[in-house]
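**Student:** structure, please.
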Amino acid sequence: MSESNKRVRVAVIGASGYIGAELVRLLASHPAADIVALTADRNAGHSLETLFPHLATIELPRLVKIEDIVWRDVDFVFCCLPHGVSQELILGFPDHLRIVDLSADFRLSVDLYEAWYKHSHLAPELQKDAIYGLTEISRDSIRSPRLVANPGCYPTSILLPLIPLVESDLIEDTSIIIDSKSGVSGAGRSLRKSSLHGEVSEGAHAYGIADHFHTAEIEQSLSVAAGHPVQVSFTPHLLPMNRGILSTIYVQAKGDAAVEELKGALKDRYADEHFIRIVDSDVVPHTRHVRGSNYCLIGLYADRISGRAIICSVEDNLVKGGSGQAIQNMNVMMGLDETWGLDQKPIFP
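**Tutor:** Next up, the predicted model:
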């Protein structure tokens with residue numbers, strides 16, 4: 001079957017969250033994807049429109065419980081469940097399914113997962129075969145596996161600029177400092193005191209200082225790129241905005257490498273990438289420049305301190321940092337055009 005005629009029957013597990021809703025919004029414009037099943041156990045029997053009225057014009061199946069899915073009618077699954085839930089669930093999926101998991105369950109080695117999440121991994125045999133799906137870095141590796149682990153939102157914004165620099169041995173990997181800021185949707189749709197309007201608006205704060213789970217994911221990928229263990233200083237912050245991530249990263253050029261050489265390495269690496277843009281030195285990326293899109297904008301600037309550089313990387317945490325990258329991975333896995341369903345331009349202002 002040619003690419004233009006291929007159809008992919010898709011199930012979204014956990015469609016009642018922000019990531020699930022974004023998947024539906026994006027898949028609605030995908031020329032080869034048919035949404036055949038949506039799950040939300042507590043809302044089974046309802047339409048997704050009752051939870052997300054902005055999706056009312058899309059013709060969709062009603063929400064069902066996971067056990068009510070007719071798996072023979074499904075080719076591909078997006079699993080959008082909380083961390084710790086996907087492991088055992090995916091073990092029971094039929095073998096013919098291809099899967100992108102958007103939780104942290106398959107992003108880390110079993111040892112790292114158990115050390116950071118403080119409980120046993122329930123599907124270590126699956127984890128060994130799962131591929132970490134940072135699409136622009138892992139594209140060739142994700143074409144054939146059954147299970148791809150979608151990267152976290154913060155790590156996507158951080159690893160895209162850093163991996164090429166570490167692989168090229170252009171920066172000192174012992175002094176990387178990462179300051180990241182996210183919109184409130186990164187915390188999900190569940191009711192939490194820390195996400196209430198009165199707790200978040202008109203202020204900003206750091207959290208997960210020195211022990212945020214995404215640190216392990218960042219360090220694991222940078223260690224692979226470097227060929228030896230790498231540690232970073234990573235601090236996330238919550239900003240009173242709905243969506244978006246800004247990661248400001250401070251690096252030291254190695255030896256005689258000039259800052260322009262670092263920028264040149266990024267431009268060369270991503271010259272043919274549709275969703276990554278290295279901006280000019282007189283442009284500073286803003287989160288609103290990528291809102292609603294699958295783009296990541298990266299700026300690299302010389303610090304006033306000799307040899308040091310400052311990187312600004314922005315993405316929409318729900319799209320490139322979540323559902324958009326998941327669809328990008330599906331497109332690669334299923335042999336489709338990588339941009340299908342993802343060419344929405346940013347919403348500005």
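**Student:** going by C-alpha atoms from here, please, whenever you check contacts or count neighbours.
**Tutor:** Noted.
**Student:** count the residues that sit near the nearest residue to Asp34 once chain neighbours are set aside.
**Tutor:** Closest residue to Asp34 apart from its sequence neighbours, by C-alpha to C-alpha, 6 or more residues apart in numbering: Arg9 at 4.9 Å. Other residues near Arg9 come to 16 when the count uses other C-alpha atoms under 10 Å.
**Student:** please name the residues that touch Arg9.
**Tutor:** 33-36, 73-76 (C-alpha atoms under 8 Å, 6 or more residues apart in numbering).
**Student:** that one - that's part of a helix, no?
**Tutor:** No: counting by DSSP: H, G, I helix; E, B strand; the rest coil, Arg9 is not part of a helix but strand.
**Student:** out of the contacts of Arg9, which are buried?
**Tutor:** Buried by 16 or more other C-alpha atoms under 10 Å: 33-36, 74-76, out of the contacts of Arg9.
**Student:** which of those lies closest to Gln328?
**Tutor:** Proximity of these to Gln328 (C-alpha to C-alpha) peaks at Ala33, which lies at 12.3 Å.
**Student:** how about the helix or strand of the chain with the lowest mean pLDDT: buried residues?
**Tutor:** Each helix and strand of the chain was given a mean pLDDT (mean pLDDT, DSSP states H and E); the minimum falls on helix 197-200 at a mean of 76. Going by neighbour count (16+ other C-alpha under 10 Å), the buried part of helix 197-200 is Val200.
**Student:** one more: stretch 233-251?
**Tutor:** 233-241, 243-251.
**Student:** for stretch 158-171, same thing?
**Tutor:** Using 16+ other C-alpha under 10 Å as the test for burial, stretch 158-171 gives 158-166, 169-171.
**Student:** show me where the stretch 101-250 of the chain has strands.
**Tutor:** 131-132, 147-149, 177-182, 205-206, 233-238, 245-252 (DSSP state E, counting those that start in this stretch).
**Student:** helices of this protein, start to end?
**Tutor:** Counting by DSSP state H, the chain has helices at residues 18-27, 86-91, 110-117, 124-129, 135-138, 153-167, 197-200, 214-226, 259-269, 324-333.
**Student:** turn those helices into CSV, including distance to Val290.
**Tutor:** What follows is those, written out as CSV (distance: least, C-alpha to C-alpha, whole Å):
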stretch, distance to Val290
helix 18-27, 15
helix 86-91, 29
helix 110-117, 31
helix 124-129, 32
helix 135-138, 17
helix 153-167, 12
helix 197-200, 22
helix 214-226, 22
helix 259-269, 19
helix 324-333, 12
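**Student:** quick one: which two of the contacts of Arg9 are the most distant?
**Tutor:** Going by C-alpha to C-alpha, the pair spanning these furthest: Ala33 and Asp73, at 13.0 Å.
**Student:** okay, now the unreliable bits of the stretch 201-349 of the chain?
**Tutor:** Judged against pLDDT under 70, the stretch 201-349 of the chain has no low-scoring part.
**Student:** hang on, I meant the stretch 1-150 of the chain
**Tutor:** By pLDDT under 70, the low-scoring segments of the stretch 1-150 of the chain are 1-4.
**Student:** and if we set it to 80?
**Tutor:** Along the stretch 1-150 of the chain, segments meeting pLDDT under 80 span 1-5.
**Student:** re earlier: which of the contacts of Arg9 sits closest to Gln87?
**Tutor:** Comparing those against Gln87 with C-alpha to C-alpha places Phe76 closest, at 16.8 Å.
**Student:** contacting residues around the closest one?
**Tutor:** The contact partners of Phe76, by C-alpha under 8 Å, 6+ apart, come to 8-11, 97-99.
**Student:** possible to save these as a markdown table with distance to Leu48?
**Tutor:** Listed next are the contacts of Phe76 as a markdown table, based on distance: C-alpha to C-alpha, whole Å:
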| residue | distance to Leu48 |
| --- | --- |
| Val8 | 21 |
| Arg9 | 18 |
| Val10 | 15 |
| Ala11 | 13 |
| Leu97 | 23 |
| Arg98 | 24 |
| Ile99 | 22 |
